[in-house]
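>>> Just a sequence and a predicted model for now, questions to come.
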Amino acid sequence: MTLDNFLEKAKKSVLFTSPSLENDLTEFLEEHTDRIKKLASMTLEKGFKQIYWVGSGNSWCNLYSGDYILNKMTDLPSAYYKSYDFIWTNPARLGEDSLVILASFSGNTEDTAAALRFANEKGATTISFTSKSDSILAREADEAIVYNSNALFILPLAGAFIFALEIARLQGRDVSKLFEQLQAMPRILGKIYKEEEKRVARLAIKYRDYDLFYVLSSASAYAIGYKFGLTVFMENMRVNASFMETSEFRHGPAEMFDGHKPLLVFLVGTDESRDMSERVIKIAQSNGSEVIRFDAKDYGDFDPLFAPFLLMVPLQWFAVYSAYYRGIFDLDERVLMGRGKMSTGSQITWP
């Protein structure tokens, strides 16, 4: 398949959402902002004592910023769980005075459907983000935000931002600039999509023969690093990959430089973690490792919280081109996922 034909096909895939992000995020903000703000107001009015954010894979990653913002900017207790871990932990605080926010693109993910039902049984109030109106998450949550788009990371991420920032505003924080920057994100993502393709394509060509990737990120960029290290690079590029929190690389992993020189992909934010990222990059380079750097600072003067928005598009371009140069021409094809080989239960379609 020629590259041009592949790219035309890729732009219609579920994986490659960047081509439509400008339009899809604009529509999401217009359609859902007021309702999500009302849900945030309801959260305080009802006096919920605990917020839980619950998902699996990509849909765990896209909720991270909600938890991060609540913990950073409010006094409302917030916790962040993978779906089955939520059930297995069985938090003692989970009950009628808890709010559980869940995400699943299909709305029928085994892990998250089980977590939703568990939360409902405990008497918690539940809110879901899903793209499918006829799914378990849409039908069985107390409130469902159905976004009807393939933008399975950015749209729930935006929803989590709106909810958490509105809680902060209602508690007296001035978040007006953050809401203004969120409104600007559709245009910025469209701009990054148009400008980053050629630069990132060159990186994909340069590193086409590498089969071991470590993705490192921290703080506000933590979850997007997890997303690409585990749920994109391995899933869509079919390479060996792993994710590490940047500062943790110094606590053991750095010793592998004695015998191995993997490709390290750094997602660098503009927050308090930036200095540590610079330190670890220098350690990697001084020990002969190849480094790819995706830096939120390159995309404008935005609050550090917006790192996952800003880094999403160039990382997607990298994954798309890398898949092509590894002979993967159908970005939506899976070997195991979505085939009923790893999931159980009625109506369950994923993984």
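All right, it came through fine.
>>> Excluding covalently adjacent residues, which one is nearest to Ser104?
Thr112 (4.3 Å; Cβ to Cβ, 6 or more residues apart in numbering). (C-beta placed from N, C-alpha, C; glycine too.)
>>> wait, what's in contact with the one you found?
Neighbour list for Thr112: 54-56, 59, 83, 102-104, 137 [criterion: Cβ atoms under 8 Å, 6 or more residues apart in numbering].
>>> all helices of the stretch 201-350 of the chain, in order?
Ranges of helices within the stretch 201-350 of the chain are 222-231, 233-237, 274-286, 307-325, based on DSSP state H, counting those that start in this stretch.
>>> can you state the direction angle for the host helix or strand of Lys72 and helix 222-231?
Per DSSP states H and E: Lys72 is located in helix 64-73. In terms of direction (axes from the mean of the first three to the mean of the last three Cα atoms, to 10 degrees), helix 64-73 departs from helix 222-231 by 150 degrees.
>>> can you list contacts of helix 64-73?
Contacts for helix 64-73 (Cβ under 8 Å, 6+ apart): 51, 53, 76, 78-80, 101, 157, 159-161, 163-165, 167-168, 173, 175, 219-220, 222-223, 305, 308.
>>> PyMOL command to pick out the buried ones of those?
Buried members of these, defined by 16 or more other Cβ atoms under 10 Å, are picked up in PyMOL with:
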select buried, resi 51+53+76+78+79+80+101+157+159+160+161+163+164+165+167+168+175+219+220+222+223+305+308
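>>> moving C-terminal of the helix holding Lys72, what's the next helix or strand?
Following helix 64-73 toward the C-terminus (DSSP H and E): strand 78-82.
>>> can you give me how far that following strand is from the chain middle?
14 Å (Cα atoms, centre = their mean, to the nearest Å).
>>> Just checking: what are the partner strands of that strand?
Within its sheet, strand 78-82 is paired with strand 50-55 (parallel), according to DSSP bridges.
>>> next one: the partner strand to chain centre, how far?
The chain centre lies 15 Å from the centre of strand 50-55; the measure is Cα atoms, centre = their mean.
>>> Quick one: mean pLDDT over the helix or strand just after it.
Where DSSP H and E defines the elements, the next helix or strand beyond strand 50-55 is helix 58-61. Mean pLDDT, helix 58-61: 95.
>>> what distance separates helix 58-61 from the centre of its chain?
So, by Cα atoms, centre = their mean, the centroid of helix 58-61 is 5 Å from its chain's centroid.
>>> who touches it?
Helix 58-61 is contacted from outside by 54-55, 82-83, 103-105, 109, 112, 129, 152-153, 156, 223-224, 226-227, 231, using Cβ under 8 Å, 6+ apart.
>>> export it as PDB, just CAs?
Extracted C-alpha coordinates of helix 58-61, given in PDB (Å, rounded to 0.1, in the frame of the first residue of the first chain):
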ATOM      1  CA  ASN A  58      -7.400   4.700  27.200                       C
ATOM      2  CA  SER A  59     -10.500   5.400  29.200                       C
ATOM      3  CA  TRP A  60      -8.600   5.300  32.400                       C
ATOM      4  CA  CYS A  61      -6.100   7.800  31.000                       C
END
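>>> Now do the buried residues in stretch 198-215.
By neighbour count on 16+ other Cβ under 10 Å, the buried set for stretch 198-215 is 200-201, 203-204, 207, 213-215.
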